[in-house]
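[1] with the sequence up front, the predicted model follows.
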Amino acid sequence: MEVSYTDQEVTVGTVKLSSNRLNDLKSFDETKTGVKGLVDKGLTKIPSLFHHQHDNTKSHKAADLCNSEHTIPVIDLEDVVVTKDPSKREGVVSRIREACKTWGFFQVVNHGIPESVLEEMKDGVRRFFEQDDEVKKKFYTRDQNRSFIYNSNFDLYSSPALNWRDTFMCYLAPDNPKPVELPVVCRDILLEYGTNIMKFGIALFELLSEALGLHSNYLRDIGCTYGRILLCHYYPACPEPELTLGTTKHSDNDFITVLLQDHIGGLQVLHEDKWIDIPPVPGALVINIGDLLQASFLTNIFMSIVSLITKLITNDIFKSVEHRVLANLIGPRISVASFFCSGMRSSSKLYGPIKELLSEDNPAKYRNTTMEEYVAYYNAKGLDGTTALEHFRV
Ligand SMILES: O=C(O)CCC(=O)C(=O)O
Ligand SMILES: [Fe+2]
């Protein structure tokens, strides 16, 4: 990234920083032990780099609303994924359609991924972050060309306030990672979880295609399952949770995200201007629509399943919904987000609203873009609480 200096101001890429702030960010980055490293030192006050504006950290809990309408749907997939009963399929598809229209988020149970695989995946993430610092530091990098990237705050130098979270990212497809590039403590489970998620993702995209009134293979054929990235998050316990956030409000820059979360909680979705909790359900996976899918479908039919990419190709039929994670006195919280994308880094394939979904009454709302362009814009912007999708609106 290009860096230029004036007396008190430093420009990193497109972001202007005071030179003091830049120094603080660099010192934090250079520890290579992230937020967990701060907690291990026993601090009781969080550094001001992590302070968010109070309005951003305020909670509106679902419990305060006392209304079952304000609970994201939990959809049982047993009939379609496990017993494969054709007479039950349309019922499941219509529940998914309704969830996508209304929420852009839903949970699934009986999805076919064994509980033992889910548990071992969460354990593998914990083993990585809790291993010896000197071994872990070898994986710390901001080099986007690596297939395994561990760091804290991918947008460290561009976001207005840091998140109380460390993350590792593993690119699983289209290029398979070389096993030797993966940390020994979680290598086997990353590969096994990746295989399970791929199989589940194919089944899910068939259901989503049908929910859009398209043939079952439509979304797979246009490449929605081509790229896969695992984002494994570790949210350490936070001594001043009301001052910061685990993850700032954002929508995802992919087609869909399949999220595995542990029992701690803190994930919230913005629904009708209120923050609604997504409560941990044992054995469940949380599905949300990404920016790219939203832009692809028919307007007014679905609202938010396939996040921003999904939003883009659905031309706003599916909603890519904003979500965030609260910081918590209790921790660590562990989550694993599987991003279905189109090969993020190098793909020059053009994505735009699906032609079959467009008409005179439903003209294209987004211009065509490549994943390369979209991701570069998303990363440069960072998590600043605004959507990247607007940049691509016609
Ligand atoms: O940790 C979570 O529950 C959510 C993470 C998330 O939103 C993301 O990785 O995009
Ligand atoms: Fe997300």
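    Alright, I've got the coordinates. Ligands and ions are numbered 1, 2, ... in the order given.

[2] next, the buried residues of the longest helix seen in the chain.
    Ranked by residue count, the top helix of the chain under DSSP state H comes out as helix 187-211. Buried residues in helix 187-211, counted by 16 or more other C-beta atoms under 10 Å: 187, 189-191, 193-194, 196-197, 200-211. All C-beta atoms are positioned from the backbone trio N, CA, C, and that covers glycine.

[3] so how far is it from its chain's centroid?
    15 Å (C-alpha atoms, centre = their mean, to the nearest Å).

[4] ok, now stretch 159-172?
    With C-alpha atoms, centre = their mean, you get 10 Å for stretch 159-172.

[5] the longest helix of the chain: what's the following helix or strand?
    Later in the chain than helix 187-211, the nearest helix or strand by DSSP states H and E is helix 218-221.

[6] tell me what angle the next helix-or-strand element following that next one forms with helix 187-211.
    The helix or strand immediately downstream of helix 218-221 is strand 227-235, counting by DSSP H and E. Here strand 227-235 points in a direction 120 degrees away from that of helix 187-211 (axes from the mean of the first three to the mean of the last three C-alpha atoms, to 10 degrees).

[7] and the following helix or strand past strand 227-235, is it in reach of ligand 1?
    Reading on from strand 227-235 to the C-terminus, the next helix or strand found by DSSP H and E is strand 245-250. Yes: against ligand 1, strand 245-250 shows contacts by C-beta under 6 Å from any ligand atom at T247.

[8] check which residues of strand 245-250 are buried.
    Here strand 245-250 shows 245-250 as buried, counting by 16+ other C-beta under 10 Å.

[9] what of stretch 265-281?
    265-271, 275-280.

[10] which ones, among those residues, also lie beside ligand 1?
    The residues of the buried residues of stretch 265-281 that also fall near ligand 1, by C-beta under 6 Å from any ligand atom, are L267.

[11] in strands, which of the buried residues of stretch 265-281 fall?
    Mapping these onto strands (DSSP state E) picks out 267-271, 275-277.

[12] now, among the buried residues of strand 245-250, which is nearest to N217?
    H250 (30.1 Å; C-beta to C-beta).

[13] and the residue nearest to the closest one when sequence neighbours are not counted, what does it touch?
    Nearest residue to H250 in three dimensions, chain neighbours excluded: L383, at 4.8 Å (C-beta to C-beta, 6 or more residues apart in numbering). By C-beta atoms under 8 Å, 6 or more residues apart in numbering, the residues touching L383 are 155, 159, 163, 247-250.

[14] and if we set it to 10 Å?
    Going by C-beta atoms under 10 Å, 6 or more residues apart in numbering, L383 touches 153-155, 158-163, 245, 247-250, 324.

[15] what bridges to the residue in the stretch 151-300 of the chain positioned nearest to ligand 1?
    Using C-beta to the nearest ligand atom, the single residue of the stretch 151-300 of the chain nearest to ligand 1 is L267, 3.9 Å away. L267 has these beta-bridge partners by DSSP bridges: V325.

[16] that one contacts V286, doesn't it?
    Yes: contact criterion C-beta atoms under 10 Å: L267 and V286 qualify, at 7.2 Å.

[17] which neighbours do the two share?
    Common neighbours of L267 and V286 (C-beta under 10 Å, 6+ apart) are 105, 259, 261, 278, 280, 323, 335.

[18] doesn't the last one belong to a strand?
    Yes: with DSSP: H, G, I helix; E, B strand; the rest coil as the criterion, S335 is part of a strand.

[19] how many neighbours does it have?
    When neighbours are counted by other C-beta atoms under 10 Å, S335 registers 25.

[20] can we start the residue count at 59 from this point?
    Happy to do that; since the first residue is 59 now, the last one works out to S393.

[21] how far away is it from R278?
    26 Å (C-beta to C-beta, to the nearest Å).

[22] mind listing what the residue nearest to K257 when sequence neighbours are not counted touches?
    Nearest non-adjacent residue to K257, counting by C-beta to C-beta, 6+ apart: G170, 7.5 Å away. By C-beta under 10 Å, 6+ apart, the contact list for G170 reads 135-136, 138-140, 254, 257-258, 261.

[23] give me that answer again for 7 Å
    139-140, 258 (C-beta atoms under 7 Å, 6 or more residues apart in numbering).

[24] ok, those vs Y432, which is closest?
    For the contacts of G170, the nearest to Y432 is F258 (24.4 Å; C-beta to C-beta).

[25] in contact with that closest one, which residues?
    Residues near F258 by C-beta under 7 Å, 6+ apart: 169-171, 316.

[26] for C399, see how far away it is.
    Counting by C-beta to C-beta, the gap from F258 to C399 is 16 Å.
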